[in-house]
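Student: Sequence and predicted model, in that order:
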Amino acid sequence: MKLFNVRVYGIMINEHKQVLVSDEFIRGGYFTKFPGGGLEFGEGTLQCVIREFQEELGLTIEVIEHIYTTDFFQVSAFDNRSQIISIYYLVKPVSAMNFPLLDKPFAFEIPEGAYQVEGARWVNWEEFSAEAVTLPIDKVVADLVKVRY
């Protein structure tokens, strides 16, 4: 059975013109992506991105504007049975940012048998590009963000 997987992500740019990314170890692979995750049944996309930032970073955010929704076919990086539809929003924090930050990519320990480990870090604007993220849709969005902001 073929499925759709809806993902919702937030793009946060701080006052130092740095972009927040999430380094994640998932199912044995390393990925740099934007903070966010899967839409749950019964929630809207705005609720989803707000919930994901709260769950992942303990951060309350405000959604500023829609940036992009996937407009091409993309199969999941984790299985070949689902099509990914990703929605991206520009967001800003409305609570204190007290989450721990990585000082370099994947600077976290992976416990034996861990399924997923993640950490957030800021990427300087000069170093931010499609090359700074791993997933194909995120690369499209990174290019859009560089042009638009």
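Tutor: Sure thing, it's come through. Numbers count the residues shown, from 1 in each chain.

Student: Please count neighbours and contacts with C-alpha atoms only from this point.
Tutor: Fine.

Student: ok, residues contacting the strand or helix carrying residue 83?
Tutor: In the assignment (DSSP states H and E), residue 83 maps to strand 82-93. For strand 82-93, contacts defined as Cα atoms under 8 Å, 6 or more residues apart in numbering pick out 2-13, 45, 59-70, 73-76, 137, 141.

Student: what do you get for stretch 11-24?
Tutor: Here stretch 11-24 has contacts from 30-35, 88-92, 105-106, 116-125, 128, using Cα under 8 Å, 6+ apart.

Student: Which of these are buried? Put it as a PyMOL command.
Tutor: Entered in PyMOL, the line below selects the buried ones among the contacts of stretch 11-24, by 16 or more other Cα atoms under 10 Å:
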select buried, resi 30+31+32+33+34+35+88+89+90+91+92+105+106+117+118+119+120+121+122+123+128
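
Student: Of the contacts of stretch 11-24, which belong to strands?
Tutor: Here DSSP state E is the test, and those give 30-33, 88-92, 116-124 as lying in strands.

Student: Give the closest residue to the spatially most central residue of the chain in space, chain neighbours not counted.
Tutor: The C-alpha lying nearest the average C-alpha coordinate of the chain belongs to residue 34 (Cα atoms, centre = their mean; 2.0 Å). Spatially, and ignoring its direct neighbours in sequence, residue 34 is nearest to residue 21 (4.8 Å; Cα to Cα, 6 or more residues apart in numbering).

Student: distance of that neighbour from residue 7?
Tutor: Distance, residue 21 to residue 7, using Cα to Cα, to the nearest Å: 15 Å.

Student: Same check on residue 84?
Tutor: 7 Å.

Student: Count the neighbours of the nearest residue to residue 99 once chain neighbours are set aside for me.
Tutor: Residue nearest to residue 99 in three dimensions, not counting chain neighbours: residue 57, with 5.7 Å by Cα to Cα, 6+ apart. Per other Cα atoms under 10 Å, the neighbour tally for residue 57 reads 19.

Student: Can you pull the phi/psi pair for residue 57?
Tutor: Backbone geometry at residue 57, expressed as degrees, to the nearest 10, gives phi -120, psi 0.

Student: thinking it is in contact with residue 96, fair?
Tutor: No. Shown here, residue 57 and residue 96 do not form a contact pair, counting by Cα atoms under 8 Å, at 10.6 Å.
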